[in-house]
Every structure is written in C-alpha cells, then in structure tokens.
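S.K.: show me the folded form of this:
(2 chains)
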Amino acid sequence: KAGVTQTPRYLIKTRGQQVTLSCSPISGHRSVSWYQQTPGQGLQFLFEYFSETQRNKGNFPGRFSGRQFSNSRSEMNVSTLELGDSALYLCASSLTGVGNTEAFFGQGTRLTVV
Amino acid sequence: AQSVSQHNHHVILSEAASLELGCNYSYGGTVNLFWYVQYPGQHLQLLLKYFSGDPLVKGIKGFEAEFIKSKFSFNLRKPSVQWSDTAEYFCAVNAGGGYQKVTFGIGTKLQVIP
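M.R.: Presented below is the predicted three-dimensional model:
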C-alpha cells in the first residue's frame, strides 16, 4: 500500500512569508500528527488531527496551524516565517493515534527560511 | 509534562560489537513505549513497541528492548551490530496509554564502522 506522502519535499521561503505543507496519510488512517525536527531539539510535537478535528496540540505559537480534510489529508500552515522555523517537518499517519498504534512517517518537508 | 532522555547522542561501534542505547522517561503512570529508527535518507520507521505484557520486547532486525518500570527505563539492545545499523534511533513515550501524542527523545546517532 502507498505510504505517507508529504509535499513539497523542499521549500525555501523568506522571513515574513507564509507557507503551507501537505500530508496525505495511508488510506484508512484517520489520525495525522505533525512534528518539527531540528538537530538540537529532536522531534517536537506540533498538533494532531483525527477525523477533521484537532485533538492534541503542542507548545508552538499560534503562527503554526493546521487542518484536516474529510479524506484525512492534512495541511500545516506557518505564517510570518522566522529564521528559527527552518526545520524538517514530519507528518505521521496512524489508525487511531500515535500513542497506541504504529506511526508511519513521511519523508518530510525541508523548510529553509532565509 | 512528560520528558524523555536519551543519554548517548552519538555512539560509534565496530561491527559485531554489542549495543545498548539508554532511554529514560518521567511519568509515573501507564506508558506506551516505542523505539523508532531513521536510516540515512529514509523516513522514520518503527523498530519495536511495548504496550503491556512481557517487559522484554523483540523488534525487527534483531533489536530488543527491556521495560524496567522501577527505573523508568526502556533501553534498546542488540547483541551484534552490523554496518547497516548505522542510523539515528529515537525513543518515544506515550503517557497514559491512550491515543495521545508521543514525546520523542532527542535521538542517538549510531555509527557502525566496518
């Protein structure tokens, strides 16, 4: 079966701009979680969506937002980009939630803010 | 808030050496525990998980981990590493045993020298 697809794979943006990242989960998976991965911080949880509802949220500023569509595809938006937002953004798909079922990760979107 | 500590950030071993990567967490209740691995250029994938039952868990590629509740630990082991085990390893913990988010450790980069 097809894995988790994240688009685009790479992005270069300027400070102050906004960006939208997309994640298509594995068919049948209703939970989509987003993580920010940086060398010094590891994986930091952003938020989780389940059946179009945000179910969990991490400690990121309101500039980071997301949504999930009826087909379980999810988007993540970052507004007013800052240099510190440069990171690999990972999407994880799971049947019921990453806490009690296996998470399947995408390849990630590498965001560079200049 | 729950936290996960991985004590070794960078480990270098020769092939056939034994491996033990430490993972400690700070949560006194029910936990679900995971080890994920990220091979160079690939996405994160599940190595093994513990939800309940036998505290010694066996995963893919000869890896195993032992849950020691009294020590809040879930260390990853492999008796004899191979060059192909070169990767970054992440311990992850779900507090509560439900669908909620998992908290990841900062990761341990393992380099195996032929």
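
S.K.: strands along chain B, start to end?
M.R.: Under the criterion DSSP state E, strands of chain B are mapped to B:4-5, B:10-14, B:19-21, B:24-25, B:31-38, B:45-50, B:56-58, B:64-68, B:73-78, B:87-95, B:103-104, B:108-113.

S.K.: rebuild the ones you listed as JSON lines, extending it with distance to A:Leu11.
M.R.: All C-beta atoms are positioned from the backbone trio N, CA, C, and that covers glycine. Formatted as JSON lines, these follow (distance: least, Cβ to Cβ, whole Å):
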{"stretch": "strand B:4-5", "distance to A:Leu11": "29"}
{"stretch": "strand B:10-14", "distance to A:Leu11": "29"}
{"stretch": "strand B:19-21", "distance to A:Leu11": "32"}
{"stretch": "strand B:24-25", "distance to A:Leu11": "33"}
{"stretch": "strand B:31-38", "distance to A:Leu11": "20"}
{"stretch": "strand B:45-50", "distance to A:Leu11": "24"}
{"stretch": "strand B:56-58", "distance to A:Leu11": "38"}
{"stretch": "strand B:64-68", "distance to A:Leu11": "36"}
{"stretch": "strand B:73-78", "distance to A:Leu11": "33"}
{"stretch": "strand B:87-95", "distance to A:Leu11": "23"}
{"stretch": "strand B:103-104", "distance to A:Leu11": "23"}
{"stretch": "strand B:108-113", "distance to A:Leu11": "25"}
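
S.K.: turn the ones you listed into TSV, including distance to chain A.
M.R.: Converted to TSV, these look like this (distance: least, Cβ to the nearest Cβ, whole Å):
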stretch	distance to chain A
strand B:4-5	9
strand B:10-14	12
strand B:19-21	14
strand B:24-25	13
strand B:31-38	6
strand B:45-50	5
strand B:56-58	13
strand B:64-68	15
strand B:73-78	15
strand B:87-95	4
strand B:103-104	4
strand B:108-113	10
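
S.K.: let's have those strands in TSV, adding mean pLDDT and mean neighbour count.
M.R.: Below are those laid out as TSV (pLDDT from 0 to 100; neighbours: other Cβ atoms under 10 Å in any protein chain shown):
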stretch	mean pLDDT	mean neighbour count
strand B:4-5	94	18
strand B:10-14	97	13
strand B:19-21	97	18
strand B:24-25	96	20
strand B:31-38	95	23
strand B:45-50	95	19
strand B:56-58	97	14
strand B:64-68	97	18
strand B:73-78	98	21
strand B:87-95	95	24
strand B:103-104	93	22
strand B:108-113	97	16
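
S.K.: pull up the gap between whichever residue of chain B sits closest to chain A and A:Gly3, please.
M.R.: Chain A sits closest to B:Tyr99 of chain B, with a gap of 2.7 Å, by Cβ to the nearest Cβ. Noted for B:Tyr99: a distance of 21 Å to A:Gly3, by Cβ to Cβ, to the nearest Å.
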